[in-house]
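Q: sequence and predicted structure are below.
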Amino acid sequence: MPRPKYQQDDETAKEKLIKAFWDSIEEAPYHKLTVLGISARAGLNRNSFYYHYESMDDLAVKAVEETLMRDLPGILVSQFNLGEGDAVDSLLADRSMRERFDRVCLLAGKNSSPELQEMLKTAIADNWKGFLSIDMETFSYEGRLVLEFCLGGVFSLLGLKADAEANPPIRDMFSTDFGKTVMGAIIRLAGE
């Protein structure tokens with residue numbers, strides 16, 4: 001049987017596989033995901049999977065790269081500095097951004113793996129360091145402590161969000177006095 005023709009508005013095989021990855025990791029631990037399971041969920045066969053990705057790890061890396069919100073630090077800081085409402089809530093009002101944020105939370109949650117969590121931690125740290133123009137070679141020891149503490153806390157909040165059965169609103173996590181203190185500390189790091 002010939003291969004079906006791709007229609008302009010159809011999801012590509014890559015998009016289907018990435019979506020299947022996120023749907024699967026929401027339900028089961030990463031170490032239990034299989035190429036066959038992801039392929040079947042995407043409505044594709046294993047050959048299609050291996051045409052696009054070398055392994056489950058390769059798919060995970062591409063899915064994470066596609067999902068990370070590289071513009072998040074700038075949006076949060078600008079809204080925080082301007083005092084315009086809740087920066088996180090306004091950002092997540094967009095359905096696409098909300099979906100991306102939920103996926104990032106999954107990477108910090110119980111269904112993730114140590115490798116995926118480390119990949120996420122590194123990406124978040126690099127994102128913030130780049131935004132704040134921080135050169136870790138010349139950064140003060142105190143600044144490093146504050147940055148690592150803040151980023152570790154943010155990562156923990158993401159994991160709590162993914163694993164919470166009540167699924168608490170984002171604003172409840174970031175709009176507390178502690179959350180505002182952490183954001184203020186991160187912003188002050190930019191001036192160091």
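A: That came through fine.

Q: work out for me the element Arg100 sits within.
A: According to DSSP states H and E, Arg100 maps onto helix 95-108.

Q: pull out the buried residues from the helix or strand just after that helix.
A: Sequence order places helix 114-131 as the next helix or strand after helix 95-108, per DSSP H and E. For helix 114-131, the neighbour count (16 or more other Cβ atoms under 10 Å) marks Leu116, Gln117, Met119, Leu120, Lys121, Ala123, Ile124, Ala125, Asn127, Trp128, Lys129, Phe131 as buried. C-beta here means a position set from N, CA and C on the backbone, and glycine is covered the same way.

Q: where's Glu148, which helix or strand?
A: Counting by DSSP H and E, Glu148 is found in helix 141-163.

Q: does anything pack onto that helix? Which helices or strands?
A: helix 95-108, helix 114-131, helix 170-174, helix 177-190 (3 or more Cβ pairs under 8 Å, 6 or more residues apart in numbering; DSSP states H and E).

Q: in JSON lines: these, plus distance to Glu15.
A: Output for these, formatted as JSON lines (distance: least, Cβ to Cβ, whole Å):
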{"stretch": "helix 95-108", "distance to Glu15": "13"}
{"stretch": "helix 114-131", "distance to Glu15": "20"}
{"stretch": "helix 170-174", "distance to Glu15": "26"}
{"stretch": "helix 177-190", "distance to Glu15": "34"}
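
Q: mean pLDDT lowest for which of those helices?
A: Ranked by mean pLDDT, the helices and strands packed on helix 141-163 bottom out at helix 170-174, with a mean of 60.

Q: now Ala123. Nearest residue, chain neighbours left out?
A: Leu68 (5.5 Å; Cβ to Cβ, 6 or more residues apart in numbering).

Q: test my guess that the one you found contacts Asp126.
A: No - with contact defined as Cβ atoms under 8 Å, Leu68 does not count as touching Asp126 (9.8 Å).

Q: thinking again about what came up before, list the buried residues of the helix holding Arg100.
A: Met97, Arg100, Phe101, Asp102, Arg103, Val104, Cys105, Leu106, Leu107, Ala108.

Q: and which of those is nearest Met183?
A: Nearest to Met183 among the buried residues of helix 95-108, counting by Cβ to Cβ, is Phe101 at 16.3 Å.

Q: residue ranges in the chain under the pLDDT threshold?
A: 1-9, 72, 74-92, 165-175, 179, 187, 189-192 (pLDDT under 70).

Q: 80 instead, please
A: 1-10, 69-94, 97-98, 128, 131-132, 134-136, 139, 150, 153-158, 160-192 (pLDDT under 80).

Q: quick test: name the residue nearest the centre of it.
A: Residue closest to the average C-alpha location in the chain (Cα atoms, centre = their mean): Val104, at 2.4 Å.

Q: wait, isn't that one in contact with Leu157?
A: No - in this structure Val104 lies outside contact range of Leu157 using Cβ under 8 Å: 11.1 Å.

Q: export the buried residues of helix 95-108 to JSON lines and tack on distance to Gly37?
A: Below are the buried residues of helix 95-108 laid out as JSON lines (distance: Cβ to Cβ, whole Å):
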{"residue": "Met97", "distance to Gly37": "28"}
{"residue": "Arg100", "distance to Gly37": "23"}
{"residue": "Phe101", "distance to Gly37": "25"}
{"residue": "Asp102", "distance to Gly37": "21"}
{"residue": "Arg103", "distance to Gly37": "18"}
{"residue": "Val104", "distance to Gly37": "22"}
{"residue": "Cys105", "distance to Gly37": "22"}
{"residue": "Leu106", "distance to Gly37": "16"}
{"residue": "Leu107", "distance to Gly37": "19"}
{"residue": "Ala108", "distance to Gly37": "22"}
